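Novice: What would the 3D arrangement of this be:
(2 chains)
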Amino acid sequence: DGGITQSPKYLFRKEGQNVTLSCEQNLNHDAMYWYRQDPGQGLRLIYYSQIVNDFQKGDIAEGYSVSREKKESFPLTVTSAQKNPTAFYLCASSLGLSLPQPQHFGDGTRLSIL
Amino acid sequence: GQQLNQSPQSMFIQEGEDVSMNCTSSSIFNTWLWYKQEPGEGPVLLIALYKAGELTSNGRLTAQFGITRKDSFLNISASIPSDVGIYFCAGQPDMDSNYQLIWGAGTKLIIKP
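Specialist: This next block holds a predicted model:
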């Protein structure tokens, strides 16, 4: 089945540690996105990528980094510079950014501080 | 940044009741999307709207793209227990060259036992 796979489902971070969240899609979508969701709030865009080897900052990129070396993969690293990383992280993809396209989501990774 | 006003924030309803929620924006949008999110999962697309005035149904769900292009509503008829969850609207501003989605804060639907 085609879809978006995020792993792990749950992740714990120690102080000063970088952690990487995985996102893989087999939908052949060009565009991929990372969102952060806090309780009772909407989604906030961290980074997005229109095409391989290209990515752009979203509204809350500080303390995060991404790479897009392959079309199907868009990992997110939460660095030690992100002082409040506890949240639900969602990865999404869409056909492209050139036309209005719905985004399709993975099932998320919940990150907590130890 | 731009924001969408989604209301109500939460709804307590009886099974079988009809539900209505809406999103408004201060600027014109060219796309409206409605998603549903259940606990511990990612949002799932329910309905996509691309033209002003468009009215689209998906089973018991009906959504409309407002004529002014600044609002959209979602109706659920004859609610059932599996309708519980958080419903999000998302829109694409007309003049946004980055084609990013703007998200509402969600409407939490709770069905009274």
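Novice: what ranges do the strands span in the chain?
Specialist: I'll assume chain A. A:4-7, A:10-13, A:19-25, A:31-37, A:43-51, A:54-57, A:64-66, A:76-78, A:87-94, A:104-105, A:109-113 (DSSP state E).
Novice: please go with chain B instead
Specialist: In chain B, the strands defined using DSSP E lie at B:5-7, B:10-14, B:19-24, B:29-37, B:44-49, B:55-58, B:61-65, B:71-76, B:85-93, B:102-103, B:107-112.
Novice: helices or strands next to the last one in the packing?
Specialist: Going back to what we said before, that points to strand B:107-112. Where contact means 3 or more C-beta pairs under 8 Å, 6 or more residues apart in numbering or on different chains; DSSP states H and E, strand B:107-112 is packed against strand B:10-14, strand B:85-93. C-betas here are computed from N, CA, C, even on glycine.
Novice: which of these is buried the deepest?
Specialist: Most buried of the helices and strands packed on strand B:107-112, by mean neighbour count (mean count of other C-beta atoms under 10 Å in any protein chain shown): strand B:85-93, with a mean of 24.
Novice: Tell me, what's the model's pLDDT at the residue of chain B found nearest chain A?
Specialist: Among all residues of chain B, residue B:42 sits closest to chain A, at 3.2 Å; criterion: C-beta to the nearest C-beta. Looking at residue B:42, its pLDDT is 94.
Novice: For chain A, what lies in contact range of chain B?
Specialist: Proximity of chain A to chain B, by C-beta under 8 Å from any C-beta of the partner chain, involves residues A:4, A:6, A:40-45, A:48, A:56, A:58-59, A:90, A:92, A:97-108, A:110.
Novice: Low-confidence bits of chain B, can you list those?
Specialist: Applying pLDDT under 70 to chain B flags residues B:1-2, B:95-99.
Novice: residues from it in reach of chain A?
Specialist: When proximity is defined as C-beta under 8 Å from any C-beta, chain B approaches chain A at B:1, B:4, B:6, B:30-31, B:33, B:40-45, B:48, B:50, B:88, B:90, B:92, B:98-101, B:103-106.
Novice: residues near residue A:28, how many?
Specialist: 10 (other C-beta atoms under 10 Å in any protein chain shown).
Novice: Which residue is the nearest non-sequential neighbour of it?
Specialist: Spatially, and ignoring its direct neighbours in sequence, residue A:28 is nearest to residue A:71 (7.5 Å; C-beta to C-beta, 6 or more residues apart in numbering or on different chains).
Novice: which ones are touching that neighbour?
Specialist: Residues in contact with residue A:71 (C-beta atoms under 8 Å, 6 or more residues apart in numbering or on different chains) are A:28, A:30, A:52.
Novice: Roughly how far does the residue nearest to the spatial centre of chain A sit from residue A:27?
Specialist: Note on chain A: the residue nearest the mean C-alpha position is residue A:34, at 2.8 Å, using C-alpha atoms, centre = their mean. Remark: distance between residue A:34 and residue A:27 (C-beta to C-beta, to the nearest Å) = 16 Å.
Novice: again with residue B:34
Specialist: Taken as C-beta to C-beta, the span from residue B:34 to residue A:27 is 20 Å.
Novice: more neighbours, the two?
Specialist: residue B:34 (24 against 14).
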